[in-house]
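# predicted model and sequence follow; I will ask about them next.
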Amino acid sequence: MVRDVCAVCNEKIYLKICPLCLTDKIELWLERNKISLTKEFRFEVRQFLDRVKRYNKLTCNICRADTEAAVCPNCFNERICAWLVRKDKVLATEFMRNLSVIMGPVADIPRFAQ
């Protein structure tokens, strides 16, 4: 098992945020914008994480938990955006436009800072 390498793109993860912390941030945004998609969002994330589990490890800089679903924020957000495009193109555009607001201060950390 490899540490701090994305299970999707196989690149080193510099912004170490676990999928659960990313999910929490996006879910809060989704609940404010289109609550009817929340249940489907949870199902989509669960399916995605089940496919990438057990390949790589990551220790989250936010919650400090160890996870076996190491996915970089870029790949995670790309996956969520692709799902949103299938559900609501306007909402997907809004998601991409406001990604730094949705992710909060951690999104401002330079990619190679850690």
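Right, received. Where do you want to start?
# centroid residue for this structure?
Nearest to the mean C-alpha position of the chain, by Cα atoms, centre = their mean, lies F76 at 3.7 Å.
# for that one, give me its contacts.
The neighbours of F76, taking Cβ atoms under 8 Å, 6 or more residues apart in numbering as the test, are P19, L22. C-beta coordinates here come from the backbone N, C-alpha and C atoms, glycine included.
# which element, helix or strand, includes it?
Taking DSSP states H and E as the definition, F76 sits inside helix 73-87.
# picking that back up, now the residue nearest to the centre of the chain: how far from E68?
F76 is 15 Å from E68, where distance means Cβ to Cβ, to the nearest Å.
# now C72. Nearest residue, chain neighbours left out?
C6 (4.1 Å; Cβ to Cβ, 6 or more residues apart in numbering).
# wait, doesn't that neighbour sit right on I13?
Yes - contact between C6 and I13 holds when scored by Cβ atoms under 8 Å: they sit 5.5 Å apart.
# overlap in contacts of those two?
Common neighbours of C6 and I13 (criterion: Cβ under 8 Å, 6+ apart): A70, C72.
# gap between stretch 87-95 and the chain center?
Between the centre of stretch 87-95 and the centre of its host chain there is 16 Å, according to Cα atoms, centre = their mean, to the nearest Å.
# ok, now stretch 66-74?
That offset, for stretch 66-74, works out to 8 Å (Cα atoms, centre = their mean).
# those helices in this protein, which residues are they?
Using DSSP state H, the helices of the chain run over residues 19-33, 38-52, 73-87, 89-97, 99-103.
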